[in-house]
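1. okay, predicted coordinates and the sequence, questions at the end:
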Amino acid sequence: MSIPLRQKVRVGAYLMSQRLRHIDKFPLVLQLEPLYQCNLECAGCGKIQHPDDILRRRLTVQQCIDAIEECGAPVVSIAGGEPLVHKEIGQIVGALLERKKFVYLCTNAILMENKLDLFKPNPYFAWSIHMDGLKDRHDASVCRDGVFDKAVAAIKEAKSRGFRVTTNTTFFTQDDATSVRDVLDFLNDDLKVDNMQISPAYAYEKAPDQDHFMGVERTRAIFKEAFADGRRKKWRLNHSPLFLDFLEGKVDFSCTAWGIPCYSIFGWQRPCYLLSDGYVGSYKELLETTEWEKYGRGRNPKCANCMAHCGYEPTAVMSTMGSLRESLRAAVAH
Ligand code: SF4
Ligand code: SF4
């Protein structure tokens, strides 16, 4: 089982209610970025290149509550920057859990062991730890030695305290099917994390390293090879089966970035958290004033290499809902 049953049922009921009300665009996951400051400077990051006065700014707890109440997504992914740098991160998570939202708290894990006491295990709460490879690969990706060991120690401590622990791994051109398998086998079998999220890196214009973003064909080839021999079924991947089909090139989808909207200190980001074509003051305005048909691979040069979950997982989830066969497949296996 990949995604916990409670979450599948809640999200399934939410999707069904949107369909019954004939709503064609709605949020599945709110990407909440309460600050851009981070305690790392990863070469592939497109979030931390703001001037100091921007990096010092924070969303308040109330702004975070207002964002989730306005858009109504059942799931919230808190990212950044590094959310554990935010002094009120405990209150933000608490407020979202009170509202019965499924919360994923993304972190590079450097501060995690020191901050664990701010949180309690909760069926609606999961850590999502940045883990881009095994030791050498991960430390190279985050541009600092020792971060991999710190993340592994934090994962073990969080699991020993009863937290649900997931990981997110971004792949670049330095990766191949073997390195994908190695890191996912390690996370799945050795660390026994609850779920794993994977993504080919998006080519952020602002990222210092512009040489290591994978194209679509290479992404498909690597995942096709990595998923072979039954591994895809074995790994506890935090994705719908159709999104994994998409990654390995068995199906293609159009982008539905409105399903994972992003709210930050600038407001609602158009069209998604990867690509910044301006900001608006409300989710309603985002939905109604964004020219969605201009985004996605084949429609916009800035989307040319994107196979990220924020554009294509919502499409995969909705295709799953629209097919009895795919719904059954999602319920039992990858
Ligand atoms: S940990 Fe995340 S937010 Fe921080 S620099 Fe790295 S990619 Fe950017
Ligand atoms: S394809 Fe979709 S998710 Fe990817 S950058 Fe473009 S709008 Fe964003």
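-> Sure, I can see it. Numbering: from 1, shown residues only. Ligands and ions are numbered 1, 2, ... in the order given.
2. now do the helices in the stretch 101-250 of the chain.
-> 112-115, 135-141, 147-160, 177-185, 216-227, 231-234, 241-247 (DSSP state H, counting those that start in this stretch).
3. out of those helices, flag the one nearest Y312.
-> Of all the helices of the stretch 101-250 of the chain, helix 241-247 sits nearest to Y312, with 5.6 Å by C-beta to C-beta. In this view, the C-beta of every residue, glycine as well, is placed from N, C-alpha and C.
4. hmm, that closest one in reach of ligand 2?
-> No - Helix 241-247 does not reach ligand 2 (C-beta under 6 Å from any ligand atom); its nearest approach is 12.0 Å.
5. who are the contact partners of the residue of the stretch 151-300 of the chain found nearest ligand 1?
-> Using C-beta to the nearest ligand atom, the closest approach of the stretch 151-300 of the chain to ligand 1 is made by T170 at 7.9 Å. Contact partners of T170, counting by C-beta atoms under 8 Å, 6 or more residues apart in numbering, are 44, 130, 132, 141, 198-201.
6. so N305 belongs to a strand, correct?
-> No - counting by DSSP: H, G, I helix; E, B strand; the rest coil, N305 falls outside a strand, being coil.
7. quick check, it in contact with F213.
-> Yes - using C-beta atoms under 8 Å, N305 is in contact with F213, at 6.0 Å.
8. what segments of the stretch 201-334 of the chain are strands?
-> 262-264, 267-271, 276-280 (DSSP state E, counting those that start in this stretch).
9. possible to save the ones you listed as JSON lines with distance to H309?
-> Listed next are those as JSON lines, based on distance: least, C-beta to C-beta, whole Å:
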{"stretch": "strand 262-264", "distance to H309": "13"}
{"stretch": "strand 267-271", "distance to H309": "15"}
{"stretch": "strand 276-280", "distance to H309": "18"}
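10. with distance to ligand 2, neighbour count and pLDDT added, can I get the contacts of T170 in TSV?
-> Output for the contacts of T170, formatted as TSV (distance: C-beta to the nearest ligand atom, whole Å; neighbours: other C-beta atoms under 10 Å; pLDDT from 0 to 100):
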residue	distance to ligand 2	neighbour count	pLDDT
G44	15	20	85
H130	19	22	97
D132	19	27	95
S141	20	28	93
I198	15	23	96
S199	11	19	92
P200	11	25	90
A201	12	26	87
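11. select from those residues every entry located in strands.
-> Among the contacts of T170, the residues falling in strands (DSSP state E) are 130, 198-200.
12. and these, which two are the farthest apart?
-> Taking C-beta to C-beta, no two of the ones in strands among the contacts of T170 sit farther apart than H130 and P200, at 15.2 Å.
13. now stretch 120-136: buried residues?
-> In terms of neighbour count (16 or more other C-beta atoms under 10 Å), stretch 120-136 has its buried residues at 124-133.
14. for L84, state which of those residues is nearest.
-> Using C-beta to C-beta, these come closest to L84 at W127, 10.2 Å.
15. that closest one against F163, yeah?
-> Yes - when contacts are counted by C-beta under 8 Å, W127 is listed as touching F163 (5.9 Å).
16. so which elements touch the longest helix seen in the chain?
-> Longest helix in the chain by number of residues (criterion: DSSP state H): helix 5-20. When contacts are defined as 3 or more C-beta pairs under 8 Å, 6 or more residues apart in numbering; DSSP states H and E, helix 5-20 sits against strand 102-107, helix 309-321.
17. after it, next one along is what?
-> Proceeding N to C from helix 5-20, the next assigned helix or strand is strand 29-33, under DSSP states H and E.
18. that next one and ligand 1, any residue contact?
-> No - using C-beta under 6 Å from any ligand atom, strand 29-33 stays clear of ligand 1, coming no nearer than 9.2 Å.
19. specify the angle between that strand and helix 5-20 in degrees.
-> Strand 29-33 runs at 110 degrees relative to helix 5-20, counting by axes from the mean of the first three to the mean of the last three C-alpha atoms, to 10 degrees.
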